[in-house]
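A.B. asks: Make a model of this:
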Amino acid sequence: MNFELKSQDKGSAARAGVLNTGHGKIQTPIFMPVGTAGAVKSIYTEDLTIDTHAQIILSNTYHLYLRPGTDIIEKAGGIHKFITWKKPMLTDSGGFQVHSLQHIRKITEEGVQFQSHIDGSRHMFTPESVMDIQRKIGADIVMAFDECTNYPCEKTYAREAMLRTHRWLDRCIEYWDSSEGIYDYRQALFPIVQGSTYSDLRKQSAEYVASKEAFGNAIGGLSVGEPAEEMYAMTEKVCSILPTDRPRYLMGVGTPVNILENIALGVDMFDCVMPTRNARNGQIFTSEGIINIKNAKWADDLSPIDSNGDSCVDNRFSKAYLRHLFVSNEALGKQIASLHNLRFYLWLVEEARKHIIHGDFVSWKNSMIPKLQSRL
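C.D. replies: Residues are numbered from 1 along each chain as shown. I've put the predicted structure just below:
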């Protein structure tokens, strides 16, 4: 498990690297499709590799803990074998999901008590138990347990949650370092920077996280409703502090524009449900702009979903056919749309990497953003 920095853009903080794991190499910057419960919705694992060129996917600790349960995953030989995925995987800590259960959870210094959204049963997550759960799940990269705050958030509470996240991080590291691995490959623990949209708190948290000298580091608590400008300001502040020789992961981000802007600030890894969630509602991302495939204007458009063959999952499918599938409520429409959007996101970071290496990332980014924002 190691990270090699291959190229640094001359006009920005954008980087190209290679993240080596026990399940293969990941070329960064990278986008990770989200497979919350061990599956990227409606997509075979083979299709993720062949059609979207996914190099790593993400699953969720909270959901896998509740269903099917970590004992079953461990019995299967770990998450890779359980879901038949041979490439790297990352699991988040469940902190964000617990954050979203505001009316059925209670945060204490020990951890978080919460009720299952499935059956109302009561559970407790602590830094130690979350490390145990992620050991059993077996992802290559695991997240420290943190508290994600709302936006907006009073500074007093943002500081309190940040300091609690730091104390939980210390417990995570101590427990992680003292426990034995279960599988025959290394798992790497990433701390998470918090601090809401307060620059001084973000600085304090980034410095604390950097001092732990972890294999990689994550930035949490953004893309929770704050304006994009505040997201970028906090990311820039944090990336200026986190070590340059370790991968940086911005959690839960975001739109294609968000991804390019944050790559320019020095982020290496991204995840978001947007490409698949929006696909199921008929929103298609293309190299020329955003399409609402349900609109009548596409009913007789027999051109490919995206004129750029590299960013289109399969240029045999026309806009008219995809619209027909959605109007007819055929499940295949959602599957094609999901595959396409994921392929587009992966193409976007692949292109970003090429332009970082070639040294013209900023000019390419600036030419792409107006297209990515346009509604077709």
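
A.B. asks: residue ranges of the helices in the stretch 51-200 of the chain, please?
C.D. replies: Secondary structure of the stretch 51-200 of the chain, counting by DSSP state H, counting those that start in this stretch: helices at 61-66, 70-76, 79-83, 95-100, 127-137, 155-178, 199-211.

A.B. asks: And these: which comes nearest Arg15?
C.D. replies: The minimum distance between Arg15 and the helices of the stretch 51-200 of the chain falls on helix 199-211, with 16.5 Å, by CB to CB. Yep, even glycine has a C-beta here, placed from its N, CA and C like the rest.

A.B. asks: how about the closest one: buried residues?
C.D. replies: Under the neighbour-count criterion of 16 or more other CB atoms under 10 Å, helix 199-211 has 201-206, 208-210 buried.

A.B. asks: ok, and what's touching it?
C.D. replies: Contact partners of helix 199-211, identified using CB atoms under 8 Å, 6 or more residues apart in numbering, comprise 155, 158-159, 162, 165-166, 169, 191-196, 217, 233-234, 237-238, 241-243.

A.B. asks: same thing but 6 Å
C.D. replies: For helix 199-211, the external contacting residues (CB atoms under 6 Å, 6 or more residues apart in numbering) are 158-159, 162, 166, 191, 193-195, 217, 234, 237-238, 241-243.

A.B. asks: Same check on stretch 320-330?
C.D. replies: Stretch 320-330 has contacts (CB under 6 Å, 6+ apart) with 282, 293-294, 298-302, 332-333.

A.B. asks: Specify the residue positioned farthest from the middle of this protein.
C.D. replies: Centroid-distance maximum for the chain: Asp300 at 35.9 Å, with CA atoms, centre = their mean.

A.B. asks: That one - nearest residue in space that isn't next to it in sequence?
C.D. replies: Using CB to CB, 6 or more residues apart in numbering and skipping residues adjacent in sequence, the residue nearest Asp300 is Ala320, 5.7 Å away.

A.B. asks: do the same with Arg246
C.D. replies: In this structure, Arg246 finds its nearest non-sequential neighbour in Gly216, 5.1 Å apart by CB to CB, 6+ apart.

A.B. asks: Present the buried residues of helix 199-211 as JSON lines; the columns should include distance to Thr276.
C.D. replies: Formatted as JSON lines, the buried residues of helix 199-211 follow (distance: CB to CB, whole Å):
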{"residue": "Leu201", "distance to Thr276": "32"}
{"residue": "Arg202", "distance to Thr276": "29"}
{"residue": "Lys203", "distance to Thr276": "34"}
{"residue": "Gln204", "distance to Thr276": "35"}
{"residue": "Ser205", "distance to Thr276": "30"}
{"residue": "Ala206", "distance to Thr276": "30"}
{"residue": "Tyr208", "distance to Thr276": "34"}
{"residue": "Val209", "distance to Thr276": "30"}
{"residue": "Ala210", "distance to Thr276": "33"}
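
A.B. asks: if we take those residues, which one ends up nearest to Gln113?
C.D. replies: Of all these, the one with the least separation from Gln113 (CB to CB) is Ser205, at 24.5 Å.

A.B. asks: before we move on, back to that, show the model's pLDDT score for the residue nearest to Asp300.
C.D. replies: You'll see Ala320 listed with a pLDDT of 98.
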